[in-house]
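K.L.:
Give the three-dimensional model of this entry:
(3 chains)
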Amino acid sequence: MSETTLAAVPRAGRRRLRLSGPTAGAAIALGVLVGANALLTPNFASAGNLWNVLLQVSTVLLVAVGMTLVISTGGVDLSVGSVMAIAGAVAATTLDRGIPVAIAAGLGAAAVVGLLNGVLIARFRIQPIVVTLATLIGGRGIAQVLSNDGELVPIDNPSFEFLGKGHLGPFPTQVVVAIVAVALGAFLLRATPFGRYVLAAGGNPAAARLAGVPVWRTIITVYVLSALLAGMAGLVEAAKLGASDAAKIGLNVELDAIAAVVVGGTALAGGRATVFGTVIGALIMQVIATSFNMLLVPYAWSLALKAGIILFAVYLQRPRRV
Amino acid sequence: MTTTSATATPAAPRGTPAAAPSARRGARAAALVQRHGTLIALLAVCAFGAIRYPEFATPENLLNVLRQNSMLGLVALGMTFVILTGGIDLSVGSLLAVGGVVAARLSPYGTLAAVAGGVGAAAALGLVNGAVVAKARIQPFIVTLAMMIAARGAALGATGEQSVRVDAGATGFAALGRGYTPIVLLVVAYATGWAALRYTRFGRYVFAVGDNEEAAKLMGLKVDRVTLGTYALSGALAGLAGIILAARLGAGQPVAGTGWELDAIAAVVVGGTLLTGGQGGAGSTLLGALLLGVTFNLFNLEGSITPWWQWVLRGGFLLGVVVVQNRLQGKVRRDG
Amino acid sequence: MSADASVATTDAPFLRMEGITKRFSGVTALDGVDFALVPGEVHALVGENGAGKSTLVKIMTGAYRRDGGEMWVEGRPAGFATPADAQAAGVVAVHQEIHILGFRTVAENVFLGREPRRWGVIDWRRMNDDTARLMAELGLDLDPRAALGTLSTARQQMVAIARGVSLGAKVLVLDEPTSSLAEREVAILYALIRRLQAQGTAIVYISHRFDELYAVCDRVTVLRDGKLVGTRALAGLERLDLVCQMLGKSREEMQAGDAGFAPDAPASADEPLLHADGLRRGTRLRGVNVEVRRGEIVGLAGLLGSGRTETARALFGADPAEGGSIRLKGKAIEPRSPDDGIAAGIAFLSEDRKAEGIIPELSVGENLTLAALPTLTRFGIVSRAKQQALVERYMTRLGIKASSSQQKIRELSGGNQQKVLLARWLCTDPELLIVDEPTRGIDIGARGEIQALVNELAAGGMGVLMISSDLEELVEGSSRVVVLRDGEDVARLARGEVTQDSIIRAMAGGSATAAVASAVTPASASDEPSAPAAEVGA
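P.N.:
Numbers count the residues shown, from 1 in each chain, chains lettered A, B, ... in the order given. As a prediction, the model looks like this:
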């Protein structure tokens, strides 16, 4: 017995460095992609272009961090795009009362949608895909109704627009926001009981409940967090555009976010999660989009390749059977 | 022991015998509402419409409702088969576009070629969905998500992101979208679908796979074939819907059908088919699709409800139905 | 060891397997195993977990393909690629976790895959009629139109067997067929087995319970670590020898290792640790009284559906009681959720390790500390150092065999998983430990360790409530036994009175206490369609 416990000590430290299989694969794929593009795509490796990749990936990344948490509970959140639109619309229409009010109102509205999702999923035990499908449909409508029936609401406030256009030192604000979100997500999953509860609730809800894990509260919190991050992404996007465009903001972002999460190696069945992997997944998808754009490859092809990558990533982490 | 036993007595009688029969009656009522809830709701909505709007209960309006909803109805029928097996098909909107574009391009070669080509192309992509789901054992959700992206890309790429005009001389093709034709197609499709589910082995196996896939496999069913069949069927029906849409619009549009997967799922769920598979049917989906269609017709007749409010109501409606269904089901299971 | 010559195998074997080998990603699960079945025999297949029983059966029934060896059916070489192939050849399995289509009817389940058709469409009437006839032939009273999910587990199993019969099965494999059956249902199963046996069907019978093996089986094949130990007639074989073969130990070793398993005497007569009075919930719990003192192990016995697990879940708060009172350390508590139970100092080890115990994707350490997480947290952050110390302490103390605390729990053996789950509860410093079937499905070695650990915990002052279907475990491991029947406690057996015989009598309702109890409640028993005893009574 003493051998096994002694062996446990050095291994504990090693684990932090070890990447799980699919994530390691994704990291290698990203390296190959960037390397190939640096060689083959003119101007790809320029600093300006690399910043551009980061700028474009930041809103998807915000959403994808929340999606990572949701998917690791075995759920899915399709409503994130609509939540982005709602947050943008609420902030734009309340901006005349001051930036703090606008931001708080935007995030608050997002949180309400998340709470609704979470309560229906956790307490009423309705499938996440149906609940969030309904809030996706209804949420987009609410965003439109809020912006005076589908009109563009201009944002004429440089301080607010700083969120989407400004720089903190050398870093664009939105990139900083995304990095903070990633760090927060990783911290939650790694170091807090909440993170453990998320994985337990996703891995085996019945067992988690019997072990005293507050399963309902965990699931509701996860959906609220997902909505808050999506709301933040909505604010950034509105600031970037200089307007709240309720029809466009966040459209189809749920697909990009799910793709990033899955490609990064988080298990769709729940119980396993890697925020770091999600970052890699999001970067892979963005690098493909950017380089295809630069190489003037038709949009259609990049869609097909995206689809192929998602399938391949999931194929690698499919449940093994004998 | 004796000291504490006294405290138990007042707390004990909660489920008194007198409550039992009424609870069972409640469960029976719940089962009835659950089974026929969509029909009851549809009748109620129609009655409301007939009373409130004089133009609702006219033949033109009702036929128009049917015609407009025939395409979504077809897509939802295919979705029903897939959902009954416990799967889901998010690619139907893109396959609908593929069907429409292919048929429009083939329209100069005759209606038959156009229809066969459109349905065939969409069915082939559906077959790919089914093959990947069955053989690679990847979740249907993600497989059809990938197909949704890829097929949309294919439709856009093949057309250079332009709509494809239906050949001016193809009058037969254009007739597919007019008059009673879409309605007849809808009725025939649902009648066939209903009978197939009830009276053919394939239909029973669809239920069996959705009920307990592992058990079905151990009982010797070729589960993979059933899966392939349902996704191919879903693709074919989406393609057919795309052809009708192209015929109505006079062009196959590569962007057609965006978001239809959501409406189709909504129709299936509102109808009462369980998303986990194994229970439901074609008839209930038809009712679900009609209920959604009639509700929108009423919104339009009301006039003051903007499209955006319609979206809000749509989402709210779907949520409401699912919550009610869920409660009823819980009640049936607990008391029945 | 060679096949025993004393078995009269004049019949040619219906099915013969020789040198069967199967590997899973490099690990050899079966290594050159021989097996033969003659018509009309009931052939037991035994071995510890990991011996290769399931693998052998799955190869026999087409769920797995063999990597080596030969197989003959009726003298002709055979190889099944799918369960359908095996069924066509007359080899049918009824699996441990019963595989049924719950929404579908009895008739559909019986005829799935070969529905009778007329004019190309399914002939429902004939399907239902044929099913009704089949059920009558087998002496089963079942409505062909009933949805299978609405029937009791026992009846679902009968349907699964009936399906096999109607497929013309010449070999029927029953994998742990009684694991979820109550005593009376087992009798129905035995009758069915005898009937099939008389018709010449060969039956492969897998079970951990020796009583059953000796009751129904003719021959036994023992496997150990994927290898064949031998095939013998069961009649002349002593139980102890059979156990020795399974474990690969000599008789002397076994007897020596078997000692040292004795429960402690109950403590003093002051206020009991737990005092539950008149627990009620729905129709399953109709007034259960239980007392547990510090330092004693109270056995909770009863047939399936008697309310044993329900009592445990009510005490813990997992499925709260709707009536009655619970006092812990003299203080009234009302657990409404597992949280409440844990806060009160109760721990509950569920009977279903897989579904309600382990979190498969988390590590041993994370599983172990799941319930104790709040105590390891400072300023909202889990202390890794504290966690590691705790994990190491318990891994050593319980002898948990894992490559490290970071290994995923799903990779561990059943016995080690159970130890991790037990450790999960010990971390919370419980005063009352409730264990539900703590050694079910665990190999004999780990079983002894877990029983010894429970004894040690009780000796250390913990109160233990132990649910078990294993009468031997109850007799050897309990200070006292409370027997439940139909949701009520019907007997309390003090230390001297606990014997297998007294427990069985109380469970079956033979004792005076039971007679009184059942005489008091006839009124409430009438409106109870879901009581399992009532369902199979036919």
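K.L.:
In the stretch 301-450 of chain C, where is pLDDT below threshold?
P.N.:
Per-residue confidence for the stretch 301-450 of chain C (pLDDT under 70) gives these ranges: C:303-305.
K.L.:
what does it put close to chain B?
P.N.:
C:322, C:323, C:324, C:325, C:327, C:332 (Cβ under 8 Å from any Cβ of the partner chain). (C-beta placed from N, C-alpha, C; glycine too.)
K.L.:
Between the two ends of stretch C:468-482, how far is it?
P.N.:
Taking Cα to Cα, to the nearest Å, the first and last residues of stretch C:468-482 lie 11 Å apart.
K.L.:
What residues sit buried inside stretch B:258-272?
P.N.:
B:258, B:260-272 (16 or more other Cβ atoms under 10 Å in any protein chain shown).
K.L.:
give the contact list for the closest residue to residue B:81 other than its chain neighbours.
P.N.:
Using Cβ to Cβ, 6 or more residues apart in numbering or on different chains and skipping the chain neighbours, the partner closest in space to residue B:81 is residue B:230 (4.3 Å). Residue B:230 is in contact with B:78, B:81, B:82, B:84, B:85, B:87, B:130, B:206, counting by Cβ atoms under 8 Å, 6 or more residues apart in numbering or on different chains.
K.L.:
Now pLDDT, secondary structure and neighbour count too, for the residues you listed, in a markdown table please.
P.N.:
As requested, the contacts of residue B:230 are exported to a markdown table (pLDDT from 0 to 100; DSSP: H, G, I helix; E, B strand; the rest coil; neighbours: other Cβ atoms under 10 Å in any protein chain shown):
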| residue | pLDDT | secondary structure | neighbour count |
| --- | --- | --- | --- |
| B:78 | 97 | helix | 32 |
| B:81 | 97 | helix | 29 |
| B:82 | 97 | helix | 30 |
| B:84 | 95 | helix | 28 |
| B:85 | 95 | coil | 27 |
| B:87 | 93 | coil | 26 |
| B:130 | 96 | helix | 29 |
| B:206 | 95 | helix | 27 |
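K.L.:
Identify the farthest-apart pair in those residues.
P.N.:
Greatest spatial distance in the contacts of residue B:230: B:84 and B:130, 14.0 Å, computed using Cβ to Cβ.
K.L.:
What segments of chain A are strands?
P.N.:
Remark: strands assigned in chain A by DSSP state E are A:153-154, A:167-168, A:171-172, A:243-244.
K.L.:
can I assume the residue nearest to residue B:81 sits in a helix?
P.N.:
Yes. The assignment for residue B:230 is a helix, going by DSSP: H, G, I helix; E, B strand; the rest coil.
K.L.:
in the stretch 401-538 of chain C, which spans are helices?
P.N.:
Assigned by DSSP state H, counting those that start in this stretch, the stretch 401-538 of chain C shows helices spanning C:414-426, C:444-459, C:471-477, C:500-508, C:512-520, C:522-526, C:532-536.
K.L.:
and the angle for the first one with helix C:444-459?
P.N.:
Using axes from the mean of the first three to the mean of the last three Cα atoms, to 10 degrees, the inter-axis angle of helix C:414-426 relative to helix C:444-459 is 20 degrees.
K.L.:
Now tell me what touches helix C:414-426 from outside.
P.N.:
Helix C:414-426 is contacted from outside by A:211, C:49, C:347-349, C:353, C:357-358, C:364, C:367-372, C:394-395, C:397-402, C:409, C:412, C:433, C:435, C:438-439, C:441-443, C:445-447, C:449-450, C:453, C:457, using Cβ under 8 Å, 6+ apart.
K.L.:
rewinding a little: what's the closest of the contacts of residue B:230 to residue A:33?
P.N.:
So of the contacts of residue B:230, ranked by how close each gets to residue A:33 (Cβ to Cβ), first place is residue B:130, at 30.5 Å.
K.L.:
Okay, the residue of chain C positioned farthest from its centre and chain A: tell me how far apart.
P.N.:
Using Cα atoms, centre = their mean, the residue of chain C lying farthest from its centre is residue C:119. It sits 46.1 Å away. Using Cβ to the nearest Cβ, to the nearest Å, residue C:119 is found at 39 Å from chain A.
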